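Peer 1: what's the 3D shape of this:
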Amino acid sequence: MSASYSVAITFFIYLGLMLWIGLWAYKKTNNLSDYILGGRSLGPWPSALSAGASDMSGWLLLGMPGYAYIAGWEASWLGLGLFLGTYLNWLIVAPRLRVYSQLAGDSLTLPQYFSNRFNDKVAIRVISAFFILLFFLFYTSSGLVAGGKLFESVFGIDYTLAVTIGTLAVVSYTFVGGFLAVSWTDLIQGLLMAAALILVPVAAFMELGDSPSTILAASNTELLDPFTKATGEALGWISIVSLLAWGLGYFGQPHILARFKAIRSKDDIKAARRIAVSWTLIGLVGAFFVGIAGIGYFETPLADSETVFIALVQALFHPLVAGILLAAILAAIMSTADSQLLVSSAALTEDFYKSLFNKDASPESLVKISRIAVVAIAFIAWLLALDPESSVLGLVSYAWAGFGAAFGPAVILSLFWSRMNRQGCLAGILVGGITVVIWKQLSGGLFDIYEIVPGFILASIAIIAVSLLTPEPEKEIQDMFTEAENS
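Peer 2: Residues are numbered from 1 along each chain as shown. Below is the predicted model of the structure:
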């Protein structure tokens with residue numbers, strides 16, 4: 001039996017299991033609340049691992065190891081920023097958002113939460129949905145690019161066909177099962193990703209018989225210094241701040257915030273936080289050491305650094321075991337792309353179609369439109385992913401910054417500042433999103449800083465300034481804030 005054939009069998013078994021979960025969830029999906037948030041019924045384990053798996057995506061097994069492979073300890077700044085962001089998001093945002101999103105008209109989507117929180121009929125909801133669709137096209141596309149690299153590297157098939165296969169796999173069970181399918185498959189995928197990120201670097205270092213420090217020193221001593229680039233230049237404060245600032249993105253990611261709204265109760269959040277933070281630490285440390293192991297294992301540098309995990313798995317393990325470990329990449333890709341498709345379809349259905357065109361749409365018709373939207377959005381993301389030169393980490397960084405700046409300050413201040421009003425919320429979303437789009441096009445000097453930093457700062461200033469310069473929120477909005485604070 002050839003290696004490719006053995007890996008293919010493992011892949012098909014894995015995909016079959018995911019589709020079975022989708023069909024199971026289909027039978028439990030009766031209305032849009034079930035399809036978008038699973039009826040707010042998730043316990044700590046599926047909530048935590050679904051949030052983690054949908055957050056990390058294919059970049060945890062491709063982008064992060066690839067970055068460590070070429071940069072060494074410089075990559076630790078990125079890992080530290082992401083770890084702190086995960087912890088603070090679960091600690092600060094999750095409890096309040098779970099309570100507030102239900103008090104604010106049982107809000108299903110992030111735009112709907114903003115709209116209900118500030119008693120705004122259309123403007124905030126439509127503009128929020130626009131930014132969700134814009135940035136998720138790039139984010140979803142990054143997952144499809146990762147899928148293309150996986151199938152191309154493992155099976156040697158054409159890149160375009162590889163991206164197409166990955167797209168069809170993700171759409172199939174998201175289309176059928178909605179949020180329940182996404183969350184329960186994420187639980188399995190999250191466990192598989194963690195296992196792979198422990199096993200692969202351990203096996204590689206045992207094979208090499210050297211410590212990470214020895215490997216880095218033998219390759220390039222500059223890789224041992226987190227304050228120095230691989231080229232020997234000082235890393236500089238702009239680079240360090242930019243890497244740490246990835247942590248700011250967590251506060252505005254709609255697909256992660258959806259897990260906070262869907263958890264069974266506020267009382268489950270503490271346990272979920274411990275699970276999520278532990279999983280994130282394992283994943284980030286494992287991904288980092290995969291890259292370091294690759295430096296020592298491959299004498300000839302890889303043509304594409306983002307395939308280091310794939311190359312190590314193929315070199316170290318029997319084809320059947322390799323198939324299971326490579327399925328972890330497929331798991332990472334699917335666990336994020338499915339969530340992004342679901343949130344995007346919810347934005348189209350709830351925040352465009354229902355809000356603007358048919359306020360009295362039946363639950364059955366809304367679920368049907370959501371499923372059609374999944375297919376339409378996936379098709380556009382597929383078109384964006386067809387460029388084989390695309391970087392997984394590059395696509396993710398742009399979308400991550402867009403969400404973090406557009407929604408992060410608005411989410412945090414809406415949960416903790418009673419004086420914030422609808423004008424301030426709208427100003428923050430617009431300033432944050434537009435700043436990221438413009439800043440991305442500039443370069444040189446201060447403009448080299450990661451666009452999430454100016455976007456987050458300017459959005460926060462806009463919310464505070466505009467809210468203070470305009471009338472206080474209505475009494476019912478302030479009463480709802482007090483109720484949420486006391487819950």
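Peer 1: end-to-end on stretch 226-243?
Peer 2: In stretch 226-243, first residue to last residue: 12 Å (C-alpha to C-alpha, to the nearest Å).
Peer 1: how about that stretch: buried residues?
Peer 2: Residues of stretch 226-243 classed as buried by neighbour count (16 or more other C-beta atoms under 10 Å): 226, 228-229, 235, 239-240, 242-243. Placement of C-beta: from N, CA and C, glycine included.
Peer 1: contacts for it?
Peer 2: By C-beta atoms under 8 Å, 6 or more residues apart in numbering, the surrounding residues in contact with stretch 226-243 are 70-74, 76-78, 80-81, 220, 222-223, 446, 448-450, 453.
Peer 1: Mean confidence (pLDDT) on that stretch, please.
Peer 2: Stretch 226-243 carries an average pLDDT of 92.
Peer 1: Sitting in helices, which of the buried residues of stretch 226-243 do you find?
Peer 2: Secondary structure from DSSP state H places 239-240, 242-243 of the buried residues of stretch 226-243 in helices.
Peer 1: out of everything not next to it in sequence, what's closest to Glu350?
Peer 2: Computed as C-beta to C-beta, 6 or more residues apart in numbering, the closest residue to Glu350 that is not its neighbour in sequence is Thr109, at 5.1 Å.
Peer 1: Touching, the one you found and Ala347? I think so.
Peer 2: Yes - Thr109 lies in contact with Ala347 (C-beta atoms under 8 Å); the separation is 6.2 Å.
Peer 1: what's the overlap in contacts for those two?
Peer 2: Joint contacts of Thr109 and Ala347 (C-beta under 8 Å, 6+ apart) are 129, 254.
Peer 1: hang on, the earlier thing: what two of the ones in helices among the buried residues of stretch 226-243 are the furthest from one another?
Peer 2: Greatest spatial distance among those (C-beta to C-beta): Ile240 and Ser242, at 7.2 Å.
Peer 1: Could you report the neighbour count for the closest residue in space to Ser265 that isn't next to it in sequence?
Peer 2: Nearest non-adjacent residue to Ser265, counting by C-beta to C-beta, 6+ apart: Arg98, 7.6 Å away. Number of residues near Arg98 (other C-beta atoms under 10 Å) recorded here: 23.
Peer 1: repeat for Ser141
Peer 2: Ser141, neighbours per other C-beta under 10 Å, totals 27.
Peer 1: same thing with Phe379?
Peer 2: 11.
Peer 1: And for the one 3 residues further on?
Peer 2: Using other C-beta under 10 Å, Trp382 is surrounded by 20 other residues.
Peer 1: Flag every buried residue along the strand or helix carrying it.
Peer 2: Using DSSP states H and E, Trp382 falls within helix 363-384. Across helix 363-384, burial judged by 16+ other C-beta under 10 Å covers 366-367, 369-371, 373-374, 377-378, 381-382, 384.
Peer 1: quick one: which of those residues is nearest to Leu133?
Peer 2: Nearest member of the buried residues of helix 363-384 to Leu133, counting by C-beta to C-beta, is Ile377, at 7.4 Å.
Peer 1: who's in contact with the closest one?
Peer 2: 133, 136-137, 140, 341, 344-345, 348.
Peer 1: Over to Leu61: give its phi and psi.
Peer 2: Main-chain dihedrals, Leu61, degrees, to the nearest 10: phi -100, psi -10.
Peer 1: Just the buried subset of the contacts of stretch 226-243, please.
Peer 2: 70-74, 76-78, 80-81, 222-223, 449-450, 453.
Peer 1: and the two most separated of the buried residues of stretch 226-243?
Peer 2: Thr228 and Ser242 (15.9 Å).
Peer 1: Counting neighbours, what do you get for Ala399?
Peer 2: 22.
Peer 1: Mind listing what's buried along the helix or strand hosting it?
Peer 2: If you go by DSSP H and E, Ala399 is part of helix 392-416. By neighbour count with 16+ other C-beta under 10 Å, helix 392-416 contains the buried residues 392-393, 395-415.
Peer 1: how big is the angle separating that helix from helix 363-384?
Peer 2: Here helix 392-416 runs at an angle of 140 degrees relative to helix 363-384 (axes from the mean of the first three to the mean of the last three C-alpha atoms, to 10 degrees).
Peer 1: thinking again about what came up before, what mean pLDDT does the helix holding Trp382 have?
Peer 2: On average, helix 363-384 scores 78.
Peer 1: follow-up on the earlier one: now distance to Ala203, neighbour count and pLDDT too, for the contacts of Ile377, in JSON lines please.
Peer 2: Formatted as JSON lines, the contacts of Ile377 follow (distance: C-beta to C-beta, whole Å; neighbours: other C-beta atoms under 10 Å; pLDDT from 0 to 100):
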{"residue": "Leu133", "distance to Ala203": "42", "neighbour count": "19", "pLDDT": "84"}
{"residue": "Phe136", "distance to Ala203": "35", "neighbour count": "26", "pLDDT": "82"}
{"residue": "Leu137", "distance to Ala203": "37", "neighbour count": "19", "pLDDT": "84"}
{"residue": "Thr140", "distance to Ala203": "32", "neighbour count": "30", "pLDDT": "82"}
{"residue": "Leu341", "distance to Ala203": "34", "neighbour count": "28", "pLDDT": "73"}
{"residue": "Ser344", "distance to Ala203": "38", "neighbour count": "29", "pLDDT": "77"}
{"residue": "Ser345", "distance to Ala203": "40", "neighbour count": "28", "pLDDT": "77"}
{"residue": "Leu348", "distance to Ala203": "44", "neighbour count": "21", "pLDDT": "77"}
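Peer 1: those helices in the stretch 151-300 of the chain, which residues are they?
Peer 2: 159-208, 212-219, 237-244, 254-262, 269-297 (DSSP state H, counting those that start in this stretch).
Peer 1: circling back to that earlier point, from the buried residues of stretch 226-243, which is closest to Pro65?
Peer 2: Comparing those against Pro65 with C-beta to C-beta places Leu243 closest, at 15.9 Å.
Peer 1: Ramachandran coordinates for the residue nearest to that closest one when sequence neighbours are not counted?
Peer 2: Excluding its sequence neighbours, the residue lying closest to Leu243 (C-beta to C-beta, 6+ apart) is Trp77, at 3.7 Å. Torsion angles at Trp77 (phi, psi; degrees, to the nearest 10) stand at phi -60, psi -40.
Peer 1: what's near enough to touch the residue most central in space within the chain?
Peer 2: Centroid-nearest residue in the chain, with C-alpha atoms, centre = their mean: Asp55, separated by 3.0 Å. The neighbours of Asp55, taking C-beta under 8 Å, 6+ apart as the test, are 86, 250, 253, 255-256, 280, 336.
Peer 1: Let's see that with 10 Å instead.
Peer 2: 82, 85-86, 89, 186, 190, 249-250, 253, 255-256, 259, 276, 279-280, 283, 335-336, 339, 400 (C-beta atoms under 10 Å, 6 or more residues apart in numbering).
Peer 1: and it, what pLDDT?
Peer 2: For Asp55, the model assigns a pLDDT of 76.
Peer 1: so it, which of the three states?
Peer 2: Following DSSP: H, G, I helix; E, B strand; the rest coil, the label given to Asp55 is helix.
Peer 1: and among the helices of the stretch 151-300 of the chain, the most buried is which?
Peer 2: Scoring the helices of the stretch 151-300 of the chain by mean neighbour count under mean count of other C-beta atoms under 10 Å gives helix 254-262 as the most buried, with a mean of 26.
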